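Q: Quick one, fold the following:
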Amino acid sequence: MRRSRAPRGLCAVGLAAVLLALAGCGSSPPANITLDTPAAGTATPEKIGDLATERIKWASSKPGCKGDCPRIEIDSVAFPGIPKLSALVDHVLAYMTGTDANRRGPYETLSEYTQYFWSTARPRDATYFKASVKDTVGDIVSIELHTEQFLTGAAHGIPATQYLNWERSRGRVMALDEALIPGRRAEYVAALRQAHAKWLAGNADARRDPAAYNKMWPFQESDNFALTRDGIVVKYDAYSIAPYSHGEPELSIPYAELRGILKPELLPKS
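A: All right, here's what the predicted structure looks like:
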């Protein structure tokens, strides 16, 4: 099986559109995170502040397979009081795996992805899914979604991480431009550049030859953010602003540098 990764352009633009469309629609969401055999998984109730969650764990090798078998592992989170969010997490995790060249579009659910994976994966192929609450800040629940795929013949795993910022009062995902004061996008990019410069200062590869590093791994904008109690955290794909050995770089912008940029209601009360 050879799947093409969803490129960052798709994650930053196409995925954002999918999130907003799904989170804003009025139709009934699909079932909570599960597979075709929900009894195979375990759900453990957890409490994060005033937010009720369930930890969902499920792992299996391809049914009926012996020896080196394709494998899927899921360590995810569901929201008993917010089924729409549970469905969204399920959908986005599946979407993040990319699309097989033989398919017309991305996978809609983890169950759909699993069935297709069993039918097409090679013996040592594996996919790992993880979702967790990164933080809760007032009305916002920040969720971190992560996938990693190991495909036969690939030199290493293919990781991807996506943040969701869920507005509980509105029952939808908040996009970056909705978090910013109108007209302040340039100021956000400037603050992100400053965070990037601080990150480079601690990057041994960049310090060794700044000009060469900047030519190979220049600064990029990113809308993949999470609102946390300390500020905004911005995530980048592997190979985006650093070589694979640096993983998926993460930049932090403290609230002190976001005043006049982030909408006042999202800033901590002084």
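Q: For my notes, confirm residue 177 occurs in a helix.
A: Yes: assignment of residue 177 by DSSP: H, G, I helix; E, B strand; the rest coil places it within a helix.
Q: number of nearby residues for it?
A: 12 (other CB atoms under 10 Å). Bear in mind the C-beta positions are built from the backbone N, C-alpha and C, glycine included.
Q: got it, and residue 64?
A: Residue 64, neighbours per other CB under 10 Å, totals 7.
Q: for residue 210, same thing?
A: 12.
Q: And the pLDDT at it?
A: The pLDDT attached to residue 210 in the predicted structure is 92.
Q: Contacts only, for it.
A: residue 200 (CB atoms under 8 Å, 6 or more residues apart in numbering).
Q: roughly how far apart are it and residue 77?
A: Relative to residue 77, residue 210 is positioned 40 Å away (CB to CB, to the nearest Å).
Q: Residue ranges in the stretch 151-270 of the chain under the pLDDT threshold?
A: The model of the stretch 151-270 of the chain has pLDDT under 70 over residues 155, 270.
Q: Try it again at 50.
A: Judged against pLDDT under 50, the stretch 151-270 of the chain has no low-scoring part.
Q: For it, which segments count as helices?
A: All helices of the stretch 151-270 of the chain, identified by DSSP state H, counting those that start in this stretch, fall at 176-179, 185-201, 204-208, 210-216.
Q: To residue 227, which of those lies closest?
A: Of all these, helix 176-179 sits nearest to residue 227, with 7.0 Å by CB to CB.
Q: And for the closest one, what's in contact with it?
A: Contacts for helix 176-179 (CB under 8 Å, 6+ apart): 165, 185, 188, 223, 225, 227, 262, 263, 266.
Q: Can you tell me which of those are classed as buried?
A: Burial by neighbour count, judged by 16 or more other CB atoms under 10 Å, picks out 165, 188, 223, 225, 227, 262, 266 from the contacts of helix 176-179.
Q: Dig out what the first one forms beta bridges with.
A: If I follow you right, that is residue 165. residue 142 (DSSP bridges).
Q: Pretty sure it sits against residue 174.
A: Yes: using CB atoms under 8 Å, residue 165 and residue 174 qualify as a contacting pair, with a distance of 4.5 Å.
Q: Common neighbours of these two, please.
A: 140, 227.
Q: bridging residues for residue 253?
A: Bridge pairing for residue 253 - DSSP bridges - gives residue 232.
Q: Surely it is in contact with residue 191?
A: Yes: in this structure, residue 253 is within contact of residue 191 by CB under 8 Å, at 5.1 Å.
Q: residue ranges for the strands of the stretch 101-250 of the chain, please.
A: Counting by DSSP state E, counting those that start in this stretch, the segments of the stretch 101-250 of the chain that form strands are 126-137, 140-150, 158-167, 172-173, 225-228, 231-235, 250-254.
Q: So which bits of the host helix or strand of residue 74 are buried?
A: Element membership for residue 74 (DSSP states H and E) is strand 71-78. By 16+ other CB under 10 Å, the buried positions in strand 71-78 come out as 71, 72, 74, 76, 77, 78.
Q: Which strands or helices does that strand pack on?
A: Using 3 or more CB pairs under 8 Å, 6 or more residues apart in numbering; DSSP states H and E as the contact test, the elements touching strand 71-78 are strand 51-61, helix 83-95, helix 110-120, strand 126-137.
Q: deepest of these, which one?
A: helix 83-95 (a mean of 23; mean count of other CB atoms under 10 Å).
Q: Report the angle between it and strand 158-167.
A: Put simply, helix 83-95 runs at 160 degrees to strand 158-167, going by axes from the mean of the first three to the mean of the last three CA atoms, to 10 degrees.
Q: pLDDT on helix 83-95, on average?
A: 93.
Q: just checking, residue 56 touches residue 73?
A: No: in this structure residue 56 lies outside contact range of residue 73 using CB under 8 Å: 11.4 Å.
Q: ok, for the residue nearest in space to the middle of the chain, nearest residue in space, not its chain neighbours?
A: Among the residues of the chain, the one closest to the centroid is residue 162, at 1.6 Å (CA atoms, centre = their mean). Leaving aside its chain neighbours, residue 162 sits nearest to residue 145 (4.7 Å; criterion: CB to CB, 6 or more residues apart in numbering).
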